[in-house]
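Participant: Based on what follows, work out the 3D shape:
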Amino acid sequence: MKKISLALLLLLLVLSGCTKKEGYDFESLNPQNDIYYEIFVRSFADSDNDGIGDLNGVTENLDYLEELGVTGVWLMPINLSNSNHGYDVLDYYAIDPDYGTMTDFENLVDEAAKRDITIMIDLVINHTSDQHDWFIKSRANNPEFRDYYIWEGTTAFSSFVGGMVDLNLANEDVKAEIKNIFDFYLERGVRGFRLDAAKHFFDKPGVAGVTLKNAFFMMEMNAYIKETYPDSFITAEVYEPNYEFNVDYYLGPDSILDFTVQRAIQERIGVGSSTYLLSSTFEKVFDAYRKVDPNFVASPFITNHDMDRIASMSGFNGAQGMERMKLAANVLLTLPGSPFIYYGDELGMKGVRYEGTNIPGYGVVYDEYRRSPFLWGNPAIETTWLPSDGSNDTLPTYAAQKDDDTSLFNHYRTMIELRKDNPALMYGNGFIEWDGSTGSLQGYYRSYSYEDFSQNILVIHNISSTAKTVEVDYEKILYGSLELGAFETVILEVKAN
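Facilitator: Sure thing, here's the model as predicted:
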């Protein structure tokens, strides 16, 4: 996501001899396409031996992210807050001291940029902590800040419990504050923003037309940041599995995190229900987005911090769980857009939500174990803020998996490399269901064209426990075999569909 004019790009291509694939620098031509890795900093890597993950821990382990092959990092909230999850912000301009300092953050952004890794941050603007200075002044009837929040008598409206109070995003002063926050982090090299709880921006008492208000608000913010940073990227969290309710959101942000795709992967690949609908569901989703924005960049994912981990989900935790998890990765990494990988899913980490269970050595827990410490296999950097609940005690760590060619970790590496090597997978948003799809074999065509370059790929998944043979015309096998084993994938370069 580097700023570059078209004229400069063309000059650089000429001067460099056009060393990229087929003579084009597709990365610069498609600056919003990345492969993101979602990190809960508290659980990732500890650099100072206090048991808590920190920003320096991320910086010191950028080699891991390079090895995995991701091109972007989404950092869950890093601002000063009252909680371990960080979604109750106290100060948008301060780093949680558990994580380090603003200097540490700037160093992370700089070091990531040297490796062509984009940094996206969680920006929580639907609400703040009820201890935020804005709210304290608003509650005290300070006329400058009273309308920063939505008051119902003496009570401030809250979409979420836990001391989080909703900002009044219709207030021009609040919007100006948010624009300042965007500027602050863009100036420090951040290029992506994940907008938390975007479905709730205007979902307040007495407000009609919520979806369009949400979309138009994000359109304003997106237009503002792109005046100076045209390659910046906004993806919005719209927690809604029915894509028909989400289409209008493509009017505002560059993308939305796709819960329809997530649900389809979970149900079709994991549970094995209505497998014949996998590709047609994807096609309907992407066609709907394309009607709003022909150049849409999707944001598919398998799980995130608000969900049980894939390895703990039904179907992925049984006898064929590993095969299904690898197939889920195959699906994710062959879909259009910027796929998001939740840290630890590439190892097969487990994690579920508890409902007030007491864990010895910690206390009462709820969703903490969806965000468990990353399994490095290296006590020097592993975080210890959350004691083990036993679910990952026998799982091979990264140290064990990296040298195992059959591991889930190395499977992710292979699929990421394949995606990056093929523009139709990495940059194209063309998607057509394969006409040979059945209940067991689900396929789709992916395509990308630019000037005199074009690539067409056919992806076919065997979503069954029995071997299948595929008979189809192709020019080159990019991955797998036409003799598909259970839950295996073949990826073919083909002529234009």
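Participant: Tell me which strands the helix or strand where Y92 lies pairs with, and in which orientation.
Facilitator: Of the helices and strands defined by DSSP states H and E, Y92 is found in strand 89-95. Here strand 89-95 is paired, per DSSP bridges, with strand 79-81 (antiparallel).
Participant: would you say L257 is within a helix?
Facilitator: No - assessed with DSSP: H, G, I helix; E, B strand; the rest coil, L257 is strand; it does not lie in a helix.
Participant: Low-confidence ranges, the protein, go.
Facilitator: 1-22 (pLDDT under 70).
Participant: rerun at 90
Facilitator: Scanning the chain for pLDDT under 90 picks out 1-23, 318-319, 360-361, 496-497.
Participant: quick check: domain ranges of it?
Facilitator: Domains of the chain are assigned by automatic domain parsing as 1-26, 27-428.
Participant: most packed of the ones you listed?
Facilitator: domain 27-428 (a mean of 19; mean count of other C-beta atoms under 10 Å). Placement of C-beta: from N, CA and C, glycine included.
Participant: ok now the longest helix along the chain, how far from the chain's centre?
Facilitator: Secondary structure of the chain per DSSP state H: the longest helix is helix 210-228. In terms of C-alpha atoms, centre = their mean, to the nearest Å, the centre of helix 210-228 is found 20 Å from the chain centre.
Participant: send the alpha carbons of the helix or strand just after the strand holding Y92 over as CSV?
Facilitator: Counting by DSSP H and E, the next helix or strand C-terminal to strand 89-95 is helix 102-114. This file holds the C-alpha atoms of helix 102-114, laid out as CSV (Å, rounded to 0.1, in the frame of the first residue of the first chain):
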residue,chain,number,x,y,z
MET,A,102,4.4,5.1,20.4
THR,A,103,8.1,4.8,19.5
ASP,A,104,7.8,1.0,19.6
PHE,A,105,4.8,1.2,17.3
GLU,A,106,6.5,3.5,14.8
ASN,A,107,9.5,1.2,14.8
LEU,A,108,7.2,-1.8,14.0
VAL,A,109,5.6,0.1,11.1
ASP,A,110,9.0,1.0,9.7
GLU,A,111,10.5,-2.5,10.1
ALA,A,112,7.4,-4.0,8.5
ALA,A,113,7.6,-1.6,5.6
LYS,A,114,11.2,-2.8,4.9
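Participant: how much does helix 102-114 deviate in direction from strand 89-95?
Facilitator: Interaxial angle, helix 102-114 versus strand 89-95 (axes from the mean of the first three to the mean of the last three C-alpha atoms, to 10 degrees): 70 degrees.
Participant: strands paired with the following helix or strand past helix 102-114, and their directions?
Facilitator: The helix or strand immediately downstream of helix 102-114 is strand 118-123, counting by DSSP H and E. Its sheet considered, strand 118-123 pairs with strand 72-75 (parallel), strand 192-195 (parallel) by DSSP bridges.
Participant: Serialize these to a markdown table and add fields for distance to G361.
Facilitator: Formatted as a markdown table, the strands paired with strand 118-123 follow (distance: least, C-beta to C-beta, whole Å):
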| stretch | distance to G361 |
| --- | --- |
| strand 72-75 | 27 |
| strand 192-195 | 32 |
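Participant: and A486, which of those strands is closest to it?
Facilitator: If you check each of these against A486 by C-beta to C-beta, strand 72-75 wins as the nearest, at 32.3 Å.
Participant: Tell me where the stretch 201-350 of the chain has strands.
Facilitator: Along the stretch 201-350 of the chain, the segments classed as strands by DSSP state E, counting those that start in this stretch run 233-236, 255-258, 299-300, 340-342.
Participant: Would you mind measuring from the residue nearest in space to the middle of the chain to R191?
Facilitator: Geometric centre of the chain, nearest residue: F340, 3.3 Å, by C-alpha atoms, centre = their mean. For F340, the distance to R191 (C-beta to C-beta, to the nearest Å) stands at 15 Å.
Participant: swap in D110?
Facilitator: 13 Å.
Participant: same thing with L212?
Facilitator: On the measure of C-beta to C-beta, L212 and R191 end up 27 Å apart.
Participant: Distance check, the nearest residue to Y427 once chain neighbours are set aside against P423.
Facilitator: Distances taken as C-beta to C-beta, 6 or more residues apart in numbering place N30 nearest to Y427, at 4.3 Å, with adjacent residues excluded. Here the criterion is C-beta to C-beta. By it, N30 lies 8 Å from P423.
Participant: could you dump the strands of the stretch 201-350 of the chain to a markdown table with distance to E67?
Facilitator: As requested, the strands of the stretch 201-350 of the chain are exported to a markdown table (distance: least, C-beta to C-beta, whole Å):
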| stretch | distance to E67 |
| --- | --- |
| strand 233-236 | 24 |
| strand 255-258 | 25 |
| strand 299-300 | 23 |
| strand 340-342 | 13 |
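Participant: Those strands: which one's closest to T101?
Facilitator: Across those (criterion: C-beta to C-beta), the nearest stretch is strand 233-236, sitting at 25.6 Å.
Participant: Can you give the distance from the closest one to the centre of its chain?
Facilitator: 10 Å.
Participant: helices and strands around it, which ones?
Facilitator: strand 118-123, strand 192-195, helix 210-228, strand 255-258 (3 or more C-beta pairs under 8 Å, 6 or more residues apart in numbering; DSSP states H and E).
Participant: Distance to L186 added to these, as JSON lines?
Facilitator: JSON lines is the format used below for these (distance: least, C-beta to C-beta, whole Å):
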{"stretch": "strand 118-123", "distance to L186": "10"}
{"stretch": "strand 192-195", "distance to L186": "9"}
{"stretch": "helix 210-228", "distance to L186": "6"}
{"stretch": "strand 255-258", "distance to L186": "18"}
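Participant: do you know which of these lies nearest P294?
Facilitator: Across these, P294 has its closest neighbour in strand 255-258 (13.9 Å, C-beta to C-beta).
Participant: For the closest one, which outside residues touch it?
Facilitator: For strand 255-258, contacts defined as C-beta atoms under 8 Å, 6 or more residues apart in numbering pick out 32, 194, 198, 233-238, 243, 246, 249-250, 285, 296-301, 304, 337-338, 340.
Participant: ok, so what distance separates N49 from L332?
Facilitator: 35 Å.
Participant: about what we covered before: which of the domains of the chain sits closest to Y448?
Facilitator: Judging the domains of the chain by C-beta to C-beta, what sits closest to Y448 is domain 27-428, at 3.2 Å.
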